[in-house]
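Visitor: predicted model follows, preceded by the sequence.
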Amino acid sequence: MSKAKSSKRPTQHRSEALLTLLESLPGALFIIDDASIIVYANASAQSIIGVSPGTFVGNNFWHSTPRLVSPALYQATQKCKQTREPIEVEYVSPVTQIWLHVQISPTVGGLLMQFHEKREAQPHRETFSPDEHLAVDILKNIYIGIGFLTPEGILLDINEAPLADAQIQREQVIGKPFAETPWWSFSSTSQDLLRAAIVRASEGETVNFETLISPRDGMDIHLEVTIIPHKSMDDCVEYLVFVGTDITKRKCAEANIHTLIDAIPQLVWTGRPDGYVDYYNQRWRDYTGLSTEEAQGDGWMRCTHPEDRQRVLETWQCAVQTGRPYEAEQRLRHCTTGEYRWFLMQATPYTDSWGAILKYIGTCTDIEDKKRAEQQLKESEKHWRVLAETVPQMVWTTRPDGQHEYVNQRWCDYMGITVEYMQSNRWAPLSFIHPDDQAGTRALWQHALDTGEMYEHEERFRSIQTGEYRWFLARAMPVRNDAGQIVKWFGTITDIDEQKRVEQQLKESEKHWRVLAETMPHLVWAVRLDGRLEYTNQRAHDFIGSLPDYMLSEKWRQYLHPEDYELVQTVRRRALETGTPYEIEYRLKEGQTGAYRWFLGRALPVRNDSGHIVKWLGTSTDIEEQKRTEEALRQSQERANALMNSNIIGIFVGVGGQVVDANDTFLHMTGYTQEDLSAGHISWSHMTPPEYLARTIEAQQELNARQSTTPYEKEYICKDGSRLPVLVGAVLLRHHPFQAVTFVLDNSARKELEQRKDDFISMASHELRNPLTALKLQITLLHRQLTKQGIQTAALASMETQANKVARLVEELLDVSKIQAGGLEYVRELVDLDMLVREIAETMRHTNPSHHILVHGIVGTNLLADRDRLGQVFTNLLSNAIKYSPGAKTVEMDLSATSETIRIRIQDHGLGITSEQRNKIFDRFYRVNDSRQKAIPGLGMGLYIVAEIVKHHRGTITVESKVGKGSTFTVTLPKGIDV
Ligand code: ADP
């Protein structure tokens, strides 16, 4: 500004001329620069403002000229500055009350103002709004402070009342910064409030505030201040209008009200009719942490959630403008936690008797919980929708009467319909249901609607895409409000087609399974994971009787054998824990008899698709018989082992001709060792001497045919080459390869005994023969001598007969002995068999008159044979036939021949021989052990010798017999005998 001043200052010469001119001008003249600093004032100016120019040149015009300052002048200067056009204004000096006429002209860098004092007004030249004057005049007498300020806060004019209150002169304050006037200088707080308000107002804002001023000592006034900016046509702030209202009384009243309000245990506030919130109760302040001063006006925005500010402010302003009650929801911040809670703000206008609003009484109700619940509801509703649209089900809701409200897209897509269609009729979905299911659906749904009971029904819906029906499970639940009334129905429809199919298959397989389980010869059961029995077949029922529900329970104890219970429980528990199949033997009690039977229990887990065990299936197989057999086997094995281990019987297992296993006894008998056995060095066929080969082969044939052999005697060649007489018997194990167990009894002791007997017989018969021959000779001589002397002695004849008998006995003994020793001697001669047989018969008739001996038929040929030995055969057979048929009269002989053979049959009608004895009668010394036969004398040597002689002549001898009927012996001899 100093730069501008110096550049625009006239030159010395020109300025002097100019000064002269200015001094000569009429009226008071001021030149001010753009900053309103007085650059020049003439002498008249001094008289009009009452001070010397030296005191004000260089000072602010408005501060230095209280007698001239007025809003009208200020307004005019502002206008001149803007328009750069000269302007004139007339007004009454607020201080001197003198009319002033002012001409204002723009200069370079400032204004030129020329004042003329006037006695009266010239209205036609008035440029200042008369209304404002009027207003000031009217307000002069009411207790309200009204003033005009420059935008900088210089007081241009003020009404009377505040001057009177402060007891000050107008000129003391006009042109002064308003904040520094006595009203405000009392408190720096009120000064600051005012200054801040002026700054805001100069920027175009209407500012309200309340403050306490003290115009003079002992006078405190509560002032409600409004500063309104006055704007020019081009929206520039020209000056400020200050309105100050004494609200001291109201404040006192309010203080009382506030005391009351503070006592209300709710957040309460009061607002002025213009919407200025002027009081907050204690609770509100405690909650927000703001003082009333801080929150006054729109200070409550500070604790309002930023998102809510705009909205609630507009609502509040709207309420204030329309005079309607205010209601808004907003979040208020809690001072200590910093948390926002939702409140319902309500304010009701309080009016006077004419309906003018005096006050707003507002309350804040904490609705956080409600809000949260609402929010949750909203969210849950949102989630529900999302859920309803995402779940792989069809979801719907209906009104309490069954009318559809909502159906999810999935359902619409499935049936190919719209939501609107569904909403059109509550039975709309029925047409998509399979005809067979419709009646059920209708009835059940109606029932649900009538009773409020849950709806659940399996029904088939037709797919629009495939045109086929699929199975669904429809479910609906009523949703009730707090009062228990149904507000809607919520339903789902789940596709269970696959499940149905599987179920069906399962049913089928279950059916098959059941049939199987029922037909199985086992006890079958299925038990669930909790141990509950799910199924048992009829057989199990029949066996046990009434079954307990739980397999794993104490009740089971009574069915299990006490000795098996613990083991069974332990095994079952372990299996259930590990999921592994188990097998266990136990005894179960039969319900009816109470007897225990052995069972083999088997159980295995049944798993679902995901591998989880769902149940256990088990069978119990009756193994009682098996157990018994096993026991029997065990015992027999024990016996067999005892036998094997006994040192009485030698046992070996032969495969082919080889001995593959043998007990110690056999090895001991034969002199072989375990090593020989292991090395395969023992062969029973090699151990068999050649003379026993034929008999051994015979025994083997018998073994093949009858699985076992009759024990027979033979010899084994031992390891050291010695002979061991044995009695052997065998049992066939298998045919191919030939395998048999052979039992061997050491026969050497018996053999030795027999040998000794044979030796004795041989010796005895030889020793008897000579004296007997001598005796027979002497009897014959004696017989001759006595006959010569003519003496007949019956006794001598009897002696001769007995001697013959003894001689025959000795002959037979000798024959036997000879046979044993190696054989009889035979002679070869031509024998006329017909003659031989008839001679013998004739002889026998003499000695046995009790029987008729009949001879039939002829042989008709001679044989080359031993005549005496053959005679011995027929004599013997005839003698037996007579001897063993004591009650019969006849004995027949029948002779016959074929081209090859000769046959002689000797038949009696006597005692007969049993079939068992028939094989044995040809053995040496064998006699039938029957009391009747025993009574008949004999030594059992005759048939033995007969068989030996027939065998020598390559013939055979057989016997047919019936006990009590008689016997027939048949001797067959080959014609071409070559003996
Ligand atoms: P024995 O000297 O005892 O007659 P044998 O060798 O001649 O001896 O006969 C043996 C046995 O056969 C006799 O003891 C007898 O029991 C029985 N026997 C032989 N022939 C006959 C027969 N014709 N009728 C019944 N039994 C007979």
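Guide: Done, it's in.

Visitor: got a pLDDT number for E960?
Guide: pLDDT for E960: 96.

Visitor: quick check: the residue lying closest to it once chain neighbours are set aside vs V855, distance?
Guide: Sequence neighbours aside, T968 is the residue nearest to E960 in space, at 4.8 Å (criterion: CB to CB, 6 or more residues apart in numbering). C-beta coordinates here come from the backbone N, C-alpha and C atoms, glycine included. Distance from T968 to V855, counting by CB to CB, to the nearest Å: 15 Å.

Visitor: again with H736
Guide: From H736 to V855 the distance is 55 Å (CB to CB).

Visitor: these two - which one has more neighbours?
Guide: Between H736 and V855, counted using other CB atoms under 10 Å, the more crowded position is V855 (19 against 5).

Visitor: what's the burial count for N60?
Guide: Counted with other CB under 10 Å, N60 comes out at 18.

Visitor: roughly how far does the closest residue to it other than its chain neighbours sit from L111?
Guide: For N60, ignoring the flanking residues on the chain, the nearest one in space by CB to CB, 6+ apart is S36 at 5.4 Å. From S36 across to L111, the span is 9 Å (CB to CB).

Visitor: now the common contact residues for the two.
Guide: T77 (CB atoms under 8 Å, 6 or more residues apart in numbering).

Visitor: how about the residues of this protein near the ligand?
Guide: Residues of the chain lying near the ligand by CB under 6 Å from any ligand atom: 880-881, 884, 908, 910-911, 913, 921, 927-928, 933, 938-944, 967.

Visitor: dig out what the closest residue to the ligand within the stretch 501-650 of the chain forms beta bridges with.
Guide: The ligand sits closest to I649 of the stretch 501-650 of the chain, with a gap of 32.2 Å, by CB to the nearest ligand atom. When assigned by DSSP bridges, I649 has beta-bridge partners L745.

Visitor: what about dumping the CA coordinates of stretch 723-742 to CSV?
Guide: What follows is stretch 723-742, C-alpha atoms only, in CSV (Å, rounded to 0.1, in the frame of the first residue of the first chain):
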residue,chain,number,x,y,z
ARG,A,723,15.2,-164.1,9.9
LEU,A,724,12.5,-162.7,12.1
PRO,A,725,9.2,-164.6,12.3
VAL,A,726,6.3,-162.1,12.4
LEU,A,727,2.6,-161.9,12.3
VAL,A,728,1.6,-159.0,10.0
GLY,A,729,-1.6,-157.2,9.3
ALA,A,730,-2.1,-154.1,7.2
VAL,A,731,-4.6,-151.3,6.5
LEU,A,732,-4.8,-149.6,3.2
LEU,A,733,-4.4,-145.8,3.2
ARG,A,734,-4.7,-145.1,-0.6
HIS,A,735,-4.4,-147.1,-3.8
HIS,A,736,-2.3,-144.8,-6.0
PRO,A,737,0.4,-144.7,-5.0
PHE,A,738,-0.1,-147.7,-3.0
GLN,A,739,0.1,-146.7,0.6
ALA,A,740,-0.6,-148.8,3.7
VAL,A,741,0.1,-149.0,7.4
THR,A,742,1.4,-152.4,8.4
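
Visitor: for it, buried residues please.
Guide: Using 16 or more other CB atoms under 10 Å as the test for burial, stretch 723-742 gives 724-730, 732, 740-742.

Visitor: cool, stretch 848-864 as well?
Guide: So, applying 16+ other CB under 10 Å, buried residues of stretch 848-864: 848, 851, 853, 855, 859, 863.

Visitor: and for stretch 85-105?
Guide: Using 16+ other CB under 10 Å as the test for burial, stretch 85-105 gives 87-96, 99-104.

Visitor: quick one: end-to-end distance for it.
Guide: Stretch 85-105 has an end-to-end distance of 7 Å (CA to CA, to the nearest Å).

Visitor: about what we covered before: so which of the residues of the chain next to the ligand belong to helices?
Guide: Of the residues of the chain next to the ligand, the ones assigned to helices by DSSP state H are 880-881, 933, 942-944.

Visitor: out of the buried residues of stretch 848-864, which one sits closest to the ligand?
Guide: Of all these, the ligand sits closest to H851, with 11.8 Å by CB to the nearest ligand atom.

Visitor: contacting residues around the closest one?
Guide: For H851, the contacting residues are 882, 885, 888-891, by CB under 8 Å, 6+ apart.

Visitor: show the buried residues in those residues.
Guide: 882, 885, 888, 891.

Visitor: show me what contacts the residue nearest in space to the middle of the chain?
Guide: By CA atoms, centre = their mean, the chain has its centre lying nearest to H612, at 4.7 Å. Counting by CB under 8 Å, 6+ apart, H612 makes contact with nothing.

Visitor: okay, it and G671: tell me how far apart.
Guide: For H612, the distance to G671 equals 71 Å [CB to CB].
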